[in-house]
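K.L.:
Based on what follows, work out the 3D shape:
(chains A and B)
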2 protein chains.
Amino acid sequence: MTKIKRVAIVGGTHGNEFTGVYLIKKFEKDPALIQRPSFQTLTLLGNPRAFEERRRYIEKDLNRCFLKQDLQDTTLSSYEDTRAKNIQQLLVPKGNSQVDVIMDLHSTTTNMGLSIILQNKHPFLLNLGAYLSSVNPLVKVSCPASDKESSFLRSLCELGFVIEVGPVAQSVLSAEWFQKTEELVCTILNYLEASNQGTVPQSPSTVTVYLITSNVDYPRNERGEIQAMIHPRLQFRDYQPLHPGDPMFLTFDGQDIPYTGESTVYPIFINEAAYYEKGIAMSFTERQEILLSSNNLMEM
Amino acid sequence: MTKIKRVAIVGGTHGNEFTGVYLIKKFEKDPALIQRPSFQTLTLLGNPRAFEERRRYIEKDLNRCFLKQDLQDTTLSSYEDTRAKNIQQLLVPKGNSQVDVIMDLHSTTTNMGLSIILQNKHPFLLNLGAYLSSVNPLVKVSCPASDKESSFLRSLCELGFVIEVGPVAQSVLSAEWFQKTEELVCTILNYLEASNQGTVPQSPSTVTVYLITSNVDYPRNERGEIQAMIHPRLQFRDYQPLHPGDPMFLTFDGQDIPYTGESTVYPIFINEAAYYEKGIAMSFTERQEILLSSNNLMEM
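P.N.:
Now for the predicted structure:
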């Protein structure tokens, strides 16, 4: 069975998401917390300059700089493009020193609780997600519906995923989310150790995965100005069903704008501060029960 | 009796506090909402460049640029220093066209609900605060304890105050707070109109005011790095009593740090995102019942 040899924990890929930054600082001060007998654990502060300035990024979103073609493009030389190339060198250099697992710690202004966003539907990741949501019902698992190439840091290796916690405001350190995230990271490291030892606990036979199918923008006028807000009855209802006809937005004059789709969806990232500039008011997901296959790494 | 002739509503003094920005946009589109028979109402977007960039400010905090000596200092030429001088020209030009009342719309990541922060303890402002908290028990009134000169925009006229609403994340538009703030602004305008008409409703005989006495920083090491977080039992408990011995901070290792003062205080601005750089973890207030005197403007 293939074993995990190196694991990377990344925090502060966005400089104003403090949970990950301060966890990385804690782990670097006390590495024993994340060491396990059968693999090496690396830590990385993703965007130190952005953290110093308490901003998401300096020039462009670091977590959109990891397309293969962009990493190879030497003409891309912004601070974040350069940083992305450095991170690639650190985590996945050519040869056998590359990491097998990446967990990238993020926070969100939305009510996504403890979310695990998988890079793909690899059986190992699905089993990990199934285990985590079985031991903690607050854990939700999501994944892009399509297999198109990703520009996220987590895509640097096949077993990459994001831990997304919230709601917490940007540039705020929340003790509650700091502690919950630390506990989740430790549970994951223990699971990886058990996997290497062949003692992985029994997972359920299925896992609920929220497949991200599309993004929805705010209603805007011809100048791109927002014309309506997330409806108060939708705010903070991430992962809850949105049925055709349910209110989705509220205009500044108090008019409801309903969801006009034909099938029930499960929105996430509802009113994420960082996504206004990306034209995303929320992401729609479909809820799917996925039957689990092998619990080990044989298929890697 | 002195009458109010001009009122200014300012929003977006901080570019990432969206409630005020979008209310100003709404009022500018439909001025009838804020017009009243006996006075003129002006609107002003405080820091338009910062709003475009979804940041609190471009070079320095605009809401700390209004010290008299700084407004007169022609060597201060940052974007915000220049903007402050322009705002002074617009709102309080020499002569009789200056505004009598300034309400400056802010939002906060802290649980301050609907807060009115008065520039001073002028009887007119105290009566307004008493009225607002009597018609809506969610309204809290606070005020600096000392009379030292202020660098806030609201200090441009004697009857200046801030409306501070939250918790809401920076760079997020919250329908709930948008609607609550709009309702509060309209109630205030109606009160001012009634004051001009001599038909001000009866206020209670006292008002509870939270007097801001001091600021408290996070525990930091010699390099200025934060060593502890707001304690989960204090988070979101703005305006609640903090007794000697109550937990105030939590270290990253999970150790409680208690409040060691000798008297009960009522912290506000607990874990405000924008105040990390200012060295403020919270502001302590003393709760005081103030006996109200005249309900009119005779003392102006």
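K.L.:
Up against chain B, what does the stretch 51-200 of chain A have?
P.N.:
A:54-55, A:109, A:167-176, A:178-179 (Cβ under 8 Å from any Cβ of the partner chain). Every residue, glycine included, has its C-beta placed from N, CA and C.
K.L.:
Could you do the stretch 201-300 of chain A as well?
P.N.:
A:225-226, A:229-232, A:235, A:250, A:252-254, A:271, A:273-274, A:276-277.
K.L.:
Are any of these buried, and if so which?
P.N.:
Buried members of those, scored by 16 or more other Cβ atoms under 10 Å in any protein chain shown, are A:226, A:229-232, A:235, A:250, A:252, A:271, A:273-274, A:276.
K.L.:
possible to save the residues you listed as a markdown table with secondary structure and pLDDT?
P.N.:
Below are these laid out as a markdown table (DSSP: H, G, I helix; E, B strand; the rest coil; pLDDT from 0 to 100):
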| residue | secondary structure | pLDDT |
| --- | --- | --- |
| A:I226 | strand | 96 |
| A:M229 | strand | 98 |
| A:I230 | strand | 98 |
| A:H231 | coil | 98 |
| A:P232 | coil | 98 |
| A:Q235 | coil | 98 |
| A:L250 | strand | 98 |
| A:F252 | coil | 98 |
| A:N271 | coil | 98 |
| A:A273 | helix | 98 |
| A:A274 | helix | 98 |
| A:Y276 | coil | 97 |
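K.L.:
Which pair of the residues you listed spans the longest distance?
P.N.:
Within these, A:F252 and A:A274 form the most distant pair, 22.4 Å apart (Cβ to Cβ).
K.L.:
Can you tell me which residue is spatially central in chain A?
P.N.:
Geometric centre of chain A, nearest residue: A:V162, 2.9 Å, by Cα atoms, centre = their mean.
K.L.:
close to chain B, is stretch A:4-23?
P.N.:
Yes: against chain B, stretch A:4-23 shows contacts by Cβ under 8 Å from any Cβ at A:Y22.
K.L.:
Can you give me the buried ones in that stretch?
P.N.:
Within stretch A:4-23, the residues that count as buried by 16+ other Cβ under 10 Å are A:4, A:6-23.
K.L.:
picking that back up, pull the most distant pair out of the residues of the stretch 51-200 of chain A next to chain B.
P.N.:
A:R55 and A:Q179, at 25.3 Å, using Cβ to Cβ across these.
K.L.:
mind listing what's buried in stretch A:159-173?
P.N.:
By neighbour count on 16+ other Cβ under 10 Å, the buried set for stretch A:159-173 is A:159-173.
K.L.:
gap between it and the chain center?
P.N.:
Stretch A:159-173 sits 7 Å away from the centroid of its parent chain (Cα atoms, centre = their mean, to the nearest Å).
K.L.:
Over to stretch A:24-37?
P.N.:
Relative to its chain's centre, stretch A:24-37 lies at 21 Å (Cα atoms, centre = their mean).
K.L.:
Can you give me the end-to-end span of it?
P.N.:
20 Å (Cα to Cα, to the nearest Å).
K.L.:
Averaged pLDDT, that stretch. What do you get?
P.N.:
For stretch A:24-37, mean pLDDT rounds to 98.
K.L.:
Contacts only, for the residue of chain A most remote from its centre.
P.N.:
No residue in chain A sits farther from the centre than A:D253, which is 34.9 Å out by Cα atoms, centre = their mean. Counting by Cβ atoms under 8 Å, 6 or more residues apart in numbering or on different chains, A:D253 makes contact with B:K26.
K.L.:
which SSE is it in?
P.N.:
Counting by DSSP states H and E, no helix or strand carries A:D253.
K.L.:
And for A:L132?
P.N.:
helix A:123-135.
K.L.:
The helix or strand following that helix pairs with which strands, and in what direction?
P.N.:
Next helix or strand after helix A:123-135 toward the C-terminus (DSSP H and E): strand A:139-144. The strands beside strand A:139-144 in its sheet (DSSP bridges) come out as strand A:113-118 (parallel), strand A:206-216 (parallel).
K.L.:
Can you spell out which helices and strands pack onto the helix or strand following strand A:139-144?
P.N.:
The first helix or strand that comes after strand A:139-144 along the chain, using DSSP H and E, is strand A:159-166. Here strand A:159-166 touches strand A:101-107, strand A:113-118, helix A:123-135, helix A:175-197, going by 3 or more Cβ pairs under 8 Å, 6 or more residues apart in numbering or on different chains; DSSP states H and E.
K.L.:
Break chain A down into its domains, please.
P.N.:
A:6-204, A:213-283 (the TED database).
K.L.:
Single out the most deeply packed of those.
P.N.:
Counting by mean count of other Cβ atoms under 10 Å in any protein chain shown, domain A:6-204 has the highest mean neighbour count of these, with a mean of 19.
K.L.:
Compute the number of surrounding residues for A:V207.
P.N.:
A:V207 has 23 neighbours, counted by other Cβ atoms under 10 Å in any protein chain shown.
K.L.:
okay but it is in contact with A:G129, surely?
P.N.:
Yes: contact criterion Cβ atoms under 8 Å: A:V207 and A:G129 qualify, at 5.3 Å.
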